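Visitor: I'd like to go over a predicted model; first the sequence, then the structure.
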Amino acid sequence: MILLRAIGLLLLLTMASLLPSSAAEADLRAIIAKFATATNFSATEAVVRELAASGDPAVERPLSALADGELYVRKGDSQVFVGKDGAGGVELLDPLSGKKAADAAKTDLTKIKVNNGLRRTIRDALGTLTLRAKDAGVRLAAATTMFKTPDAANIDPLEAAIAVETEPAVKAMFEQARAATVLVSDKPEADKLDAISVIAARGDRDALSLLTSVEASAQGAVKDAAAGTIGRINSTLALWDAGQNIWYGISLGSVLLLAAIGLAITFGVMGVINMAHGEMVMLGAYTTFVVQQVIRTSFPGLFDWSLVIALPLAFLVAALVGLAIERGIIRFLYGRPLETLLATWGVSLILQQAVRTIFGPTNQEVGNPSWMSGSFDVGQLAITWNRLWILVFALLVFAVLLYVMKRTPWGLQMRAVTANRRMAASMGIRTPWVDALTFALGSGIAGIAGVALSQIDNVSPNLGRGYIIDSFMVVVFGGVGNLWGTLVGAFSLGIVNKFLEPYAGAVLGKIVVLVLIILFIQKRPRGLFALKGRAVEA
Amino acid sequence: MRGNYSTITKMFSAGVIAAGLSMSAPAKAADDTIKVGILHSLSGTMAISETTLKDVMLMLIEEQNAKGGLLGKKLEAVVVDPASNWPLFAEKARELISKDKVAAVFGCWTSVSRKSVLPVFSELDNILFYPVQYEGEESERNVFYTGAAPNQQAIPAVDYLMSADGGSVKRWVLEGTDYVYPRTTNKILEAYLKSKGVPAEDIMVNYTPFGFSDWQTEVSAIKKFGSAGKKTAVVSTVNGDANVPFYKELGNQGIKAEDIPVMAFSVGEEELAGLDTGPLVGHLAAWNYFESVDTPENKTFIDDWHKFIKNDKRTTNDPMEAHYIGFNMWVKAVEKAGTTDPDKVIDAMVGVSVPNLTGGYSTMMPNHHITKPVLIGEIQADGQFETVSQTSGLVMGDEWSDYLPDSKDLISDWRAPLSCGNFNVATGKCGGKGTN
C-alpha cells in the first residue's frame, strides 16, 4: 500500500514536472509561429519581446538564429525553422529542439529580416536569459550586455546570479552590471554612490559612457560623485591615449619597415632607384591570394596555415621577377639613376596592367586566418592581433636580413661589391651575379612584405602605389645604405605620424611629416645614419 | 650616352605603342552606324570601379543591336581609356566627339573627372551621361546626371538613422576622403543636422587622404566619440580603396553595427567583393539600387550580365543601374526626336520615362536629374545588401541643395523659355553661384 502510494506520488510528481514544460513548449511554439505573419520590423520585434518575456531559456536558439539571419519561414505551410546552409540547399532544424526536421531549397523559404534595432533587442533579451548559462563565456557576455544597456528590472536576476556565481571574473562583471542597473533604478542615494565606486574601478570608456549619461540625469551627491569619477577616469584615459598613440606609431612603423626594407637593399645598398618596388609588394600579395584560393578549393583545413605557405612562394615569385628585371633592364643602366628611374617606372606600369589583365581590376579577397583576427586588451589599450603579428614579422625579417648581410659570405660579397666594384671583381667576385642576386633578394623581401600587407590592405593592382613614396621616404630619412637607419627611420616616422594625426588630422599630419623630412634632409643630406668612407663618394 | 638615350626612347615609344593599341577602339568609320562613346578608365586607380561600367555599356549596346538597333542603324561602341588621369579625360572626350563623331558619351566616375570634361562638352555641344552619385551643386545643359544627388542618398540616409528604426542616432561622425564629393556632402549634411537641432559638439568631421590604409587612430577616435552616453553613428563618404582597411579595422577593434553603425555612400557590392563581411553584418549603405532587389527586371538584368561577362560571380551595382536607365532614356529620346543630333536629343530628353530595376519608372526632370527611389541596405554575411528601408515614393534629384546658403535660392530648368542651370529665384536672374 505504501509502495503503491509512493509510486502514485512519484507518477504525480513526474507528471507535474512534465506538464508545465510541455504546455510551455506549446506556448513557445505558438509564439514562434507568429514570426510567419510578422510583416515588418516592429511586428517581428513584438514577437521577440513576447518570446523573451516567457523567460524560458529554450528561446535562446530561435532568437540567436534570428539575430544571425538564420530563421526562415517555409513558404508551403508557414512553419518557422532554423536554417543552416548545407550542401544542396538549406538544412531545416526545429527552432526549439534543434533537431533536423527537413531539407529545403532556398527558393522555398523566406528569411525573416532583421535590422540593427532588432539585433539590439535580441541581444538585450538574451542577456537576461543566459545569466545562468553553463558556459562562463556566455555568462560574461550576458553581464556585459546588461552593463551596457542597464535596465532596473534586471537587479533581482542579477543579484540571484551573483549569489551562485563561482567564477571570479564573471562575478566581478555581474557586480558591475548590477551597479549599472542600480544607477538607473530608484534605489536610495547611498546604494547609488556605492555603485558609482564599483563602476569607477573599471575605469574604461564603457564606464565613462555610462557615467556621462548618469551625470546628465542625476541630482545632488550622485551627480557630484559621477562628475568627480568622470574627471578621474578621463585623466587616466589621457595617459592611456598617449600609450595608444605610441603603439599605433610602432605598428605603422612596422608596416613602413616591411615595405621599405626590400628597398633598403635595392636602393640603399645597390643604389638602384627602383620604382617597381611597390609592384613586388603587390606580387607578394597576389601570391597570397592565389595560395588561399587553392587552399579554399582543395585543402580547406589548411586555411590557418595559408600565410606560412604563401611566404616562401611570395619570396620566390617576387625574387624571380626581380631577377628578370635586373638581368633584362637594370644591368644596362647602372650608374644612370634618371634612366633607371624611368625604366623601372615603366616596368611598374606594365606589371600593374598585367595583373589587372590576369586577375581583373577589382579587389581580391584575402582572408585573415583566425590567429590574425580580433584584438585583446592590455589595460585600456586594444591591441589587434594582425598588427601585433605584423610587428613581430617585420622585426624577424629585419633580423634575418641583418644576419645575411653581416654574417654570411654572400652578404660580405654584396657589401664588397657596393663598396668598391673593381676591387671586388679583381678579388674574384663575379660582380654581375652578385648584383643580380642582391636585386632578387631585395625584391623577394618586398614579396614577403606583400604577404603581410595583404592582411591589412586591399589586394588590388594599385596596392604598390600606396607604399612606394613612403618606402623611399623611410630609406632616405634613415640613411641610404644602412639597414639600422631604415629600422629607426621607419619607427620614428610611424610614431611622429601617429602623434600628429589626432591633432592635425590624417591629411595635414602627413604633410607636416613630409615638410619635416625635407627640412631634415636639408640639414643632413645623408639621413639619420650616414655611411662614412669612400663608398659614399663612389 | 647617346646610344643609351635612344634605347630609352625606343623603350618608351614601344610602351606608348603598346598602350595605344590597348586603348584605341575599333575605329573603322561606317556611315550606317551610330557611334556611342564610352569614357571610363580601364587602367590606373579608378579602373577597379570603371571597368565594370564599360562592360555594362557594351552589353546594353549589344542588346539594343539585337533588338534591331536605333533609327534603323546599328549602334557602335567607341571605347577610350582616360587612365584615371583627369586632364586625359578632357582630351579623350574631345577625341570622341571631334574625331569619332559619337552621338553621346557615357562616362566619368569621379567629380573631378566630370569637371574636367564639362568645358569640352559645352564647347563641342555633345551629351554626357554621368552615372555616379555626386555632391550636386551643378546643372549643365550637356550633362544628364543619372546618379544620385545628395537629397537622393545622403539626406534620406541620415533621416533613417535619426528614426526609431535606425536607432534614433544623436551623435554623428562624418568620415570622408579628402576631395570635393565628401567635403560638399558633409557640408550639406552638417547644415542639415544643425537644422534638425543637433548641437555642434555632437558632430565630428574627419578627412583622410585617398587610398588611406592605417585606420587605427581614426577608428579609436570614433570609439572615443561614441562613448559619450549618446547613440552614435558614422556617416562615411570614404572612397573606394580606402574602405577595405577601414572596415577591417572596425571589425578588428570590435565596433559592432548594433553599437555604432556605419552608413556608407560609396560602398557597393563591388567594394565588398574584396572583404570578409562576417564581422560587418548590419553596417549600412544608402543607394538607389541593390543587387538583392527582388524584381523581375532586376533578375533579367543580372542574368544578362552574368551571361555577357561569362562569370556568374560578378556583382551588379548602383552606377550600373544608372547607366541602364541613362542608356534607355537616350534611346527613347533619340526615337522621339527622330535624330541623334545632340541639340534635338537634349530637348527631347526632358520628360522621358523608362523602367528602372527596382520596380518603378525613372523620369528625366527639367534639371537634367532623374527621379529614383532611395534604399537603405544592411550588409549581409554573403556580401550582399538587404533592404531595410525604402522611401515610399520616388525622390526627385535636387541639384542645388536647400541647406547651403549659397545655393538655396537657385533652381535649374533647361526647358525652352528659361533654359538656365542656375536661375536665382531671389533676384530673378540666370547665373547664381553655388559652392563650387
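Guide: Arrived safely, thanks for sending.
Visitor: quick one, domains of chain A?
Guide: A:26-118, A:130-218, A:241-537 (automatic domain parsing).
Visitor: quick check, central residue of chain B?
Guide: Nearest to the mean C-alpha position of chain B, counting by C-alpha atoms, centre = their mean, stands B:V132 at 1.0 Å.
Visitor: which non-adjacent residue is nearest B:Q390?
Guide: B:L375 (5.1 Å; C-beta to C-beta, 6 or more residues apart in numbering or on different chains). In short, each C-beta sits where N, CA and C put it, glycine included.
Visitor: now do the one you found against B:G359, distance only.
Guide: 11 Å (C-beta to C-beta, to the nearest Å).
Visitor: neighbour-wise, which of the two wins?
Guide: A direct count of neighbours by other C-beta atoms under 10 Å in any protein chain shown for B:L375 and B:G359 places B:L375 higher, at 24 against 13.
Visitor: list phi and psi for that one.
Guide: Here is the backbone geometry of B:L375 (degrees, to the nearest 10): phi -110, psi 140.
Visitor: so what sits opposite it in the bridge?
Guide: Using DSSP bridges, the bridge partners assigned to B:L375 are B:W287, B:Q390.
Visitor: which residue is the nearest non-sequential neighbour of B:V132?
Guide: B:G147 (4.4 Å).
Visitor: quick one, what contacts that neighbour?
Guide: Taking C-beta atoms under 8 Å, 6 or more residues apart in numbering or on different chains, we find B:G147 in contact with B:Y130, B:P131, B:V132, B:Q133, B:Y134, B:D318, B:P319, B:A322.
Visitor: change it to 10 Å
Guide: B:109, B:129-134, B:153, B:287-288, B:318-319, B:321-323, B:325-326, B:369-370, B:372, B:397 (C-beta atoms under 10 Å, 6 or more residues apart in numbering or on different chains).
Visitor: of those residues, buried ones?
Guide: B:109, B:129-134, B:153, B:287-288, B:318-319, B:321-323, B:325-326, B:369-370, B:372, B:397 (16 or more other C-beta atoms under 10 Å in any protein chain shown).
Visitor: in strands only, show me those.
Guide: The strands, defined by DSSP state E, take in B:F129, B:Y130, B:W287, B:K372 from those.
Visitor: count of neighbours near A:Q176?
Guide: 22.
Visitor: against A:A218, how distant is it?
Guide: 18 Å.
Visitor: okay, and the helix or strand of chain B with the least pLDDT?
Guide: helix B:2-23 (a mean of 45; mean pLDDT, DSSP states H and E).
Visitor: quick one, what contacts B:G360?
Guide: B:G360 neighbours (C-beta under 10 Å, 6+ apart): B:T295, B:E297, B:S353, B:T371, B:K372, B:P373, B:G393, B:L394.
Visitor: try 7 Å this time
Guide: B:P373, B:L394 (C-beta atoms under 7 Å, 6 or more residues apart in numbering or on different chains).
Visitor: reduced to three states, what does A:L131 come out as?
Guide: coil (DSSP: H, G, I helix; E, B strand; the rest coil).
Visitor: what's around the residue nearest to it when sequence neighbours are not counted, how many residues?
Guide: Nearest residue to A:L131, sequence neighbours excluded (C-beta to C-beta, 6+ apart): A:A161, at 4.5 Å. Neighbourhood size, A:A161 [other C-beta under 10 Å]: 22.
Visitor: what is the helix or strand containing A:A161 packed up against?
Guide: Per DSSP states H and E, A:A161 falls inside helix A:155-164. The criterion is 3 or more C-beta pairs under 7 Å, 6 or more residues apart in numbering or on different chains; DSSP states H and E, and the helices and strands that helix A:155-164 contacts are helix A:168-184.
Visitor: on the three-state scheme, B:Y247 is what?
Guide: helix.
Visitor: wait, it touches B:P279, no?
Guide: No: using C-beta atoms under 7 Å, B:Y247 makes no contact with B:P279, being 8.2 Å away.
Visitor: okay, those two: which has more neighbours?
Guide: Set B:Y247 next to B:P279 and count neighbours by other C-beta under 10 Å: B:Y247 wins out with 28 against 22.
Visitor: so what's A:S471 up against?
Guide: Contacts of A:S471 (C-beta under 7 Å, 6+ apart): A:A259, A:A260, A:L263, A:H277.
Visitor: tell me which helix or strand comes right after the host helix or strand of it.
Guide: Per DSSP H and E, A:S471 falls inside helix A:465-478. Next along the chain after helix A:465-478, taking DSSP H and E as the criterion, comes helix A:483-523.
Visitor: nearest to chain B: which residue in the stretch 151-300 of chain A?
Guide: For the stretch 151-300 of chain A and chain B, the shortest gap (C-beta to the nearest C-beta) falls at A:S213, measuring 3.4 Å.
Visitor: could you give the angle of the strand or helix carrying that residue to helix A:168-184?
Guide: Here A:S213 sits within helix A:205-217, counting by DSSP H and E. Angle, helix A:205-217 to helix A:168-184, by axes from the mean of the first three to the mean of the last three C-alpha atoms, to 10 degrees: 20 degrees.
Visitor: what residues sit buried inside helix A:205-217?
Guide: A:R205, A:D206, A:A207, A:L208, A:S209, A:L210, A:L211, A:T212, A:S213, A:V214, A:E215.
Visitor: please apply the same query to stretch A:85-98.
Guide: For stretch A:85-98, by 16+ other C-beta under 10 Å, it's A:V90, A:E91, A:L92, A:L93, A:D94, A:P95, A:L96.
Visitor: how close does the closest residue in space to the fourth one that isn't next to it in sequence get to chain B?
Guide: For A:L93, ignoring the flanking residues on the chain, the nearest one in space by C-beta to C-beta, 6+ apart is A:V82 at 4.4 Å. Noted for A:V82: a distance of 15 Å to chain B, by C-beta to the nearest C-beta, to the nearest Å.
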